[in-house]
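1. give me the fold of what follows.
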Amino acid sequence: MADDLDELLDEIESKFCSNASLSLRASSDECPARIHAKQIKGTKANKSSSSPTSTQRRTDIEDIDALIDDIFEDEYDSLDLKQTEQLSNVTKAEKGPVAKSGQKKCCPVFLGGSLVANGVGTAISQRSCDQLRCTSCDFRIAMFDDHEWDPSCDYLFFRNNMPDCLKLRAKLRKRKGVRAYACQCSWHSARDLADLTKQPKLKWVCGKHSA
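-> Below you'll find the predicted structure:
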């Protein structure tokens, strides 16, 4: 009985040991190329498992970049529009105010006595201008029909009394057919129609007539 049991144990031991030695030998004798191939497969498997996450991240980054580009484009467009508006405003300011439609200027400018008709003077229609303005003192020219200035008038008189017509009458004398002109710095009496350019001391211009 004891002999049979020993034989059974020997047989089991021999089989077990032989299988263990075969497995160890197989693992130790395995080809290095096959081991490297398994490592590559494992790496690919890991990459394939992580690829959806990396693709999603790349997509999110691209969306953010596109959104940033759109914001910058909108800002540049608004800046371009503002710059265009500013340039147009500067151009309008340089050109100056547009003359109102229907207004006319005398060319040439005439002075005349009380018997000469007032209005827009031209080379054909010679009329005395009643819209005169001085470019020196910037006063509108005052006119007094059938009057002339007294020879005693001086610069200080007009400087101190213009445009008070009541005070100005202190130096006016009645004279039929004559018209007295005055601003704050100059004065003139006229009877006949005369071109203003013939009076170089007078810095007067036509201030435009309404149609």
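2. can we go C-alpha only for contacts and neighbour counts from here?
-> Fine.
3. secondary structure class for A170?
-> With DSSP: H, G, I helix; E, B strand; the rest coil as the basis, A170 sits in helix.
4. which residues touch stretch 133-143?
-> Outside of stretch 133-143, the residues that reach it under the criterion C-alpha atoms under 8 Å, 6 or more residues apart in numbering are 131-132, 163, 179-185, 202-207.
5. quick check, nearest of these to G113?
-> R179 (4.6 Å; C-alpha to C-alpha).
6. can you tell me how far the closest one sits from L156?
-> Per C-alpha to C-alpha, to the nearest Å, R179 is found 21 Å from L156.
7. more neighbours, the two?
-> R179 (25 against 11; other C-alpha atoms under 10 Å).
8. report the buried residues of stretch 134-145.
-> When neighbours are counted by 16 or more other C-alpha atoms under 10 Å, the buried residues of stretch 134-145 are found to be 134, 139-145.
9. now stretch 120-135
-> For stretch 120-135, a neighbour-count test (16+ other C-alpha under 10 Å) marks 120-121, 126-134 as buried.
10. any chance of the residues you listed in TSV, plus distance to D195?
-> Listed next are these as TSV, based on distance: C-alpha to C-alpha, whole Å:
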residue	distance to D195
V120	13
G121	10
Q126	9
R127	10
S128	9
C129	10
D130	14
Q131	15
L132	13
R133	15
C134	16
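11. strands along this protein, start to end?
-> Along the chain, the stretches classed as strands by DSSP state E are 103-104, 110-111, 132-134, 142-149, 172-182, 187-190, 194-195, 204-206, 209-210.
12. just these: most buried one?
-> Burial of the strands of the chain is given as mean neighbour count (mean count of other C-alpha atoms under 10 Å); strand 110-111 ranks first at a mean of 28.
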